[in-house]
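Asks: Please work out how this folds:
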Amino acid sequence: MHEISIVEAMIGQVELEVDRCGGAGRIVRLELTIGRLSGVNPDSIRFAFELLAPGTRVEGATLAIAEPKPTCVCRACATRTDVDELVASCPLCASGDIFLEGGQELLLQSIELED
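Replies: Sure, this is the predicted structure:
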């Protein structure tokens, strides 16, 4: 499960960012964006976070995860359609002249500290 190494790296990044900004408060909330085509399972991230957070500065923090869908953009009919999974053709006109926008993100969006 590669999500454990992702969460380990995220915890390290959170600690570095809080130190860099001089934050002294307790970390209360982390917001992540994990696109549906990123290859990362949000439930596994939550599990790994629960497993690894104790004893770190993120212990007790809430983990909020947004899961944006990719958008299928069709060059043939100029339609933009949110899709739930990888597609090979336009859902509207069936053209194969498409590209996908988004849905591959894996981002730490915000760190919220207690006042």
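Asks: quick one, strands of this protein?
Replies: Secondary structure of the chain by DSSP state E: the strands cover 27-34, 62-66, 71-74, 80-82, 98-101, 106-113.
Asks: And the helices in the protein?
Replies: Taking DSSP state H as the test, the helices found in the chain are 3-21, 42-52.
Asks: quick one: low-confidence ranges for the chain?
Replies: The chain contains residues with pLDDT under 70 at 1.
Asks: and residue 109, what does it touch?
Replies: Residue 109 sits next to 31, 32, 33, 66 when contact means CB atoms under 8 Å, 6 or more residues apart in numbering. All C-beta atoms are positioned from the backbone trio N, CA, C, and that covers glycine.
Asks: Residue 33 now?
Replies: 65, 66, 67, 68, 105, 106, 107, 109.
Asks: how near is it to residue 66?
Replies: As defined by CB to CB, to the nearest Å, residue 33 lies at a distance of 5 Å from residue 66.
Asks: Kindly report the same for residue 59.
Replies: 23 Å.
Asks: re the thing from before, just put the strands of the chain in TSV and tack on distance to residue 14.
Replies: Converted to TSV, the strands of the chain look like this (distance: least, CB to CB, whole Å):
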stretch	distance to residue 14
strand 27-34	6
strand 62-66	11
strand 71-74	29
strand 80-82	30
strand 98-101	28
strand 106-113	6
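Asks: To residue 89, which of those lies closest?
Replies: Among these, strand 98-101 comes nearest to residue 89, with 6.6 Å by CB to CB.
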